[in-house]
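Asks: Below are the sequence and a predicted model; questions follow.
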Amino acid sequence: MTAGKILRVGLTGSIGMGKSTTAQMFRDEGIAVLDSDQIVHDLYRGAAVAPIAAAFPDVVVDGVVNRSALGAHVLSDPAAMKKLEAIVHPLVWAARDAFIQQRQAQGDWIVVYDVPLLFETGADKSVDAIVVVTAPPELQKQRVLMRPGMTQEKFEAIAGKQTPDTEKRARADFIVETGEGLDAARAQVRHILKTLREDSRWRDRF
């Protein structure tokens, strides 16, 4: 084990695949998980408010970014999305770096980045291993359409901006299949951690 090194694992998956549930399974195994969505949520109440207000004046209400209003601006406007990403991504990366430093100082051997758009943002280049969470397409659709306020059109718009599941799986080092139930998914998570810790191909990286 190299002093000061830490194994960085990217956890990703398309909408409705069970990524958040899988992230909690890693936490249950004692692994520190960086939730990029939570970082963005915090930024929308803090450091990102002023620059977003300057770019999209009508989406900030009472000093907080209204995510629904912001989504209405950017979901169907690639130029607006790029403008938003240019504001938010550097702030997310700074929070990620601070998280890594904190976990290294505490002696962790591994951290997990929970990043929905791991490939789309290029964040896959900053990790040592990639775990993709997947499920059959019909189950994915069923899960998503059960969410409050979700429509078929909104689901298709979100999914259309994400790297296809087939490509994600092809680029993964490990896959967690969530269509087989929670116990099966948890067993897969434990197997991944065992492999990362014991297989020399991974162990030698930290």
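Replies: All right, it came through fine. Numbering: from 1, shown residues only.
Asks: Give me the spatial nearest neighbour of residue 23, chain neighbours excluded.
Replies: In space, residue 23 comes closest to residue 114 once its chain neighbours are excluded; the distance is 4.4 Å by CB to CB, 6 or more residues apart in numbering. C-betas here are computed from N, CA, C, even on glycine.
Asks: And residue 92, by the same measure?
Replies: residue 39 (5.4 Å).
Asks: Run through who's touching the least confident helix or strand in the chain by mean pLDDT.
Replies: Ranked by mean pLDDT, DSSP states H and E, the helix or strand of the chain with the weakest confidence is helix 200-203, at a mean of 82. Contact partners of helix 200-203, identified using CB atoms under 8 Å, 6 or more residues apart in numbering, comprise 1, 7, 128, 129, 195, 196, 197.
Asks: who's in contact with the residue positioned nearest the centre of the chain?
Replies: Per CA atoms, centre = their mean, the C-alpha nearest to the average position across the chain is that of residue 115, at 1.5 Å. By CB under 8 Å, 6+ apart, the residues touching residue 115 are 10, 11, 12, 36, 121, 123.
Asks: Which pair of these spans the longest distance?
Replies: 11 and 121 (13.9 Å; CB to CB).
Asks: So if I had to pick from those two, which one is more boxed in?
Replies: A count of neighbours by other CB atoms under 10 Å puts residue 11 above the other of residue 11 and residue 121, at 29 against 17.
Asks: Partner strands of the helix or strand containing the more buried one and their direction?
Replies: Residue 11 belongs to strand 7-12 when assigned by DSSP states H and E. According to DSSP bridges, strand 7-12 forms sheet pairs with strand 110-114 (parallel), strand 129-134 (parallel).
Asks: Dump the ones you listed to CSV, plus mean pLDDT, distance to residue 167 and mean neighbour count.
Replies: As requested, these are exported to CSV (pLDDT from 0 to 100; distance: least, CB to CB, whole Å; neighbours: other CB atoms under 10 Å):
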stretch, mean pLDDT, distance to residue 167, mean neighbour count
strand 110-114, 96, 19, 23
strand 129-134, 98, 10, 24
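Asks: Make a markdown table from those strands and add distance to residue 141 to it.
Replies: Formatted as a markdown table, the entries for those read as follows, by distance: least, CB to CB, whole Å:
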| stretch | distance to residue 141 |
| --- | --- |
| strand 110-114 | 22 |
| strand 129-134 | 13 |
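Asks: re earlier: how near is the residue nearest to residue 92 to residue 157?
Replies: 23 Å (CB to CB, to the nearest Å).
Asks: Fine by me, thanks again.
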